[in-house]
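Undergrad: Okay, sequence plus prediction incoming.
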Amino acid sequence: MPRPNTNEYGPFYKTYIDHTKGHDYTELVQQHNDRIVQAWSAVPIQKVDFAYAPGKWTVRQMLQHVIDTERILAYRALAISREEPHAIAGFDENKYAAIATASDRNWDEMILEWQVVRQSTNMLFASFTKGQIQNMGVASDNPISVNALGFIIIGHALHHLGVLHERYSL
């Protein structure tokens, strides 16, 4: 399956897809997965509760957001691959972050959870047939393909690595 066409996702997701290099999900994993996982593991423990400005997420909160978002996007991919006939609702990332208990969580356990979530998503996408990868559905009021969701998942993780580097100096 080639890189997604613009008719496979809403305009909001273009930024995430543009962060990726590769022609299919397997290639994305080969090119990006280790970097995505290792970058979070390399964050010094004394930096995990740092926020670059008042009202901004801490590093720990941002990782929780990345984990939550990957799970949500992977669910969307699963539902659409199984031809879910109903639109899938969006979510408010700031409300999720406010309710999450990231600040009370053990960093090493969060890193392990992140590794497991990434592996689980990769296994999910490996299980899809070519036909399932092409399936289209509706999520957050936009048409979206399983194919595009794979690129969005990886691109979203890469986006936050960029934020970690640029705004948190990590």
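TA: Nice, thanks for sending it over. Residues are numbered from 1 along each chain as shown.
Undergrad: alpha carbons only for contacts and neighbour counts from here, please
TA: OK.
Undergrad: Rounded mean pLDDT for the longest helix seen in the chain, please.
TA: Counting residues, the longest helix found in the chain (DSSP state H) is helix 59-81. Throughout helix 59-81, pLDDT has a mean value of 98.
Undergrad: buried set for that helix?
TA: Neighbour counts using 16 or more other Cα atoms under 10 Å place 59-71, 73-81 of helix 59-81 among the buried residues.
Undergrad: Please enumerate the strands of this protein.
TA: Assigned by DSSP state E, the chain shows strands spanning 136-139, 142-145.
Undergrad: Now render those strands as JSON lines, adding distance to residue 13 and mean neighbour count.
TA: Formatted as JSON lines, these follow (distance: least, Cα to Cα, whole Å; neighbours: other Cα atoms under 10 Å):
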{"stretch": "strand 136-139", "distance to residue 13": "12", "mean neighbour count": "22"}
{"stretch": "strand 142-145", "distance to residue 13": "10", "mean neighbour count": "20"}
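Undergrad: okay, those in CSV with mean pLDDT next?
TA: Shown next, in CSV, are the strands of the chain (pLDDT from 0 to 100):
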stretch, mean pLDDT
strand 136-139, 98
strand 142-145, 98
